Structures are given as C-alpha cells and as structure tokens.
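> What follows is a protein structure lacking sequence information:
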C-alpha cells in the first residue's frame, strides 16, 4: 500500500532554470478549462504552479486580442507558465520575447502533446512528436531568445505503434529544455484508459533534466502512487482538478501527513458561486459577446460554466436531471438556484 511507504516518499522543491517551485504539484494547461478563474481557484487550494490555456504562436506575435485575453494573469497566480504551440522556430522565438517582455510569466512551455485537430493539422501539438529534430530546433530557438525557463510538455507517443517519448524527450533536453512534462498516455487515447507510469519511470531514469509526470492523478493517493512508482520530480494534475480544486489541498495534506477534511456542501456551493462570478467578470472584460446580437455576457458565462458545473456536482443525487436542463441555465441566479436545489435541499 502507498501509505506504508509514504514516509519515505518526498517531493522536494523543484528548480526550473532560474525558477524555484517550492511545491511542484501543478495544474496542467487544458484548453477550455484552465482560464484565469479556474486557475485562481486551484491556486487558492494549493496548486504549486499553474499554466495558461494553450495559445497559438501567431496570435502572440500579432498581438491578437483574443489570444492576449487568454494570457491575462493576476499576481496571486504566480508562478505561472505560458503555454504556446507552433512549428516555426523563428516565430516561436519571437513569441518567447513577447512573453518575457510582458513580465508576468515565470516560464514558457512548448506544447508537443495536444491531440486537438485544429492544432495537429498545422503540424503542431502532438504532431511534432513525429519529428523529434524539429522539437530540438524549436527549443533551441526559444532557449536562445529568452532568459525565462523553457519547458516541453508531450505524451508517450502519438499511438501505441509510435511510442517514441524517449527520442522526443532526448531531443527536448538536447535543445536546452529545463524540464520535460510527460502525459503518460498516447494521443490516440485522449484522456481515457490507464496511464502508463512504467513508461514515465523509464523517461525519468533516462533524462538528465527534471521530469514532471502527468496522467492518472485523480486523488491524493494517485499522486503518492505516481511518485512512488516513477520517481518523477513533480506532479501535474489535469482532469482530476475539474470541479475539484481541493485536490491540491488533499495532496499536500497527505504528503505532509496531516488530516484532510473534504469541502462541505456549503463550501462547495460557495466555490461554485465564486467561480461563476469570476467567469462572468472575465467574459465582461473580454467583450467578445458584443459582436453577437441577443447574447449577454451573463448567458455566455453560464454556457462556459456548464462543463465545470457538472464536475463540481459529480456524484450528487439528482445531477442527471440537472445535466439534461443545462441548456436552459443562462443566468447566474438561475444556475445557483438549480445548484441549491441539489446541494442544500
């Protein structure tokens, strides 16, 4: 059992270039989820580091308003990393200089693992795993353009017959990456199926730079098991944090051998209300809703919040009925009223 050997497991502060991450249990960058409001929730409950949603290199160097909105941060988030995708080394270097000039980011993470088609069809994201030398060249260009730490996030392979994470992480290291993060699943699996921690262990043993593990961490015991089985230098939590920003507090409590008290229904309701309000404020700030007729920032925020809400209420009796009526929830008051009927009845 993990508990018997937990006292022998330590998770030390992680040095990423010039950056010291005192608690290397991090929130993974995830498109559509790790926006500013959600990052703030996870940071409050113990995430040692957070990352922006992935942004396109072209949007950064062209100062695209939507891209720059994704890159808005707050001081209390730090340390925070900017995640970017692209294939052109010169453009990636130019974007790196923009990130450094902004003065709000602590590192730059190069996405070599996203399987979303709009990214892979450009040859970026996980598609770059097919060309390890291209990854090396991109990392070299970014490394030469900035004094910020440079990291690479990838997967174990595009598909089971293309397991080449060793070559990819070797290329990243040779290019000058300070850290590699490995999602221990194939791109073809998405986020389903067991994470291949055996491959993660092999990568950790082969690399001379720190390795962060990602995939399969849905609770504190999973985090401890990953660390015990792989020896990674840091842990990145992805979907395990959906609707559960408290997972970071749970992990810290376990590693510190301290009692952990799950949130009460009232506490869960308070976080839901705050998260929704922060998301509403973010939509108002973005202002993109104005280009569409008959759409209010409140309805846009409620629509964006639906996927979060289902996770917050997972396991609660009656959530199935709420799921079926999500499309009718277009106001903050109406959304919270529905939540109250479930949580506080």
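Ah, there it is. Bear in mind that the values here come from a model prediction, so they are computed numbers and not experimental data.
> Could you use CA atoms for every contact and neighbour count after this?
Fine.
> how about the strands in the stretch 101-250 of the chain?
Taking DSSP state E, counting those that start in this stretch as the test, the strands found in the stretch 101-250 of the chain are 107-112, 150-157, 179-186, 211-214, 234-237.
> so what strands line up beside the first one?
Strand pairing for strand 107-112, using DSSP bridges, gives strand 80-85 (parallel), strand 150-157 (parallel).
> hmm, back to that, how about a markdown table for the strands of the stretch 101-250 of the chain, with mean neighbour count, distance to residue 60 and mean pLDDT added?
As requested, the strands of the stretch 101-250 of the chain are exported to a markdown table (neighbours: other Cα atoms under 10 Å; distance: least, Cα to Cα, whole Å; pLDDT from 0 to 100):
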| stretch | mean neighbour count | distance to residue 60 | mean pLDDT |
| --- | --- | --- | --- |
| strand 107-112 | 26 | 13 | 98 |
| strand 150-157 | 27 | 17 | 98 |
| strand 179-186 | 27 | 23 | 97 |
| strand 211-214 | 28 | 26 | 98 |
| strand 234-237 | 25 | 25 | 98 |
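> Tell me which of those strands approaches residue 124 most closely.
Closest to residue 124 of the strands of the stretch 101-250 of the chain is strand 107-112 (Cα to Cα; 6.8 Å).
> Residues touching that closest one, excluding its own?
With contacts defined as Cα atoms under 8 Å, 6 or more residues apart in numbering, strand 107-112 is touched by 19, 54, 80-86, 96, 99, 124-129, 135, 139, 148-155.
> Would you convert the strands of the stretch 101-250 of the chain into CSV that also reports distance to residue 201?
CSV is the format used below for the strands of the stretch 101-250 of the chain (distance: least, Cα to Cα, whole Å):
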stretch, distance to residue 201
strand 107-112, 19
strand 150-157, 11
strand 179-186, 10
strand 211-214, 9
strand 234-237, 12
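> which one of the strands paired with strand 107-112 lies closest to residue 304?
Across the strands paired with strand 107-112, the minimum distance to residue 304, taken as Cα to Cα, is reached by strand 80-85, at 21.0 Å.
> Would you mark the buried spots in the closest one?
80, 81, 82, 83, 84, 85 (16 or more other Cα atoms under 10 Å).
> low-confidence ranges in this structure?
1-9, 288-294, 345 (pLDDT under 70).
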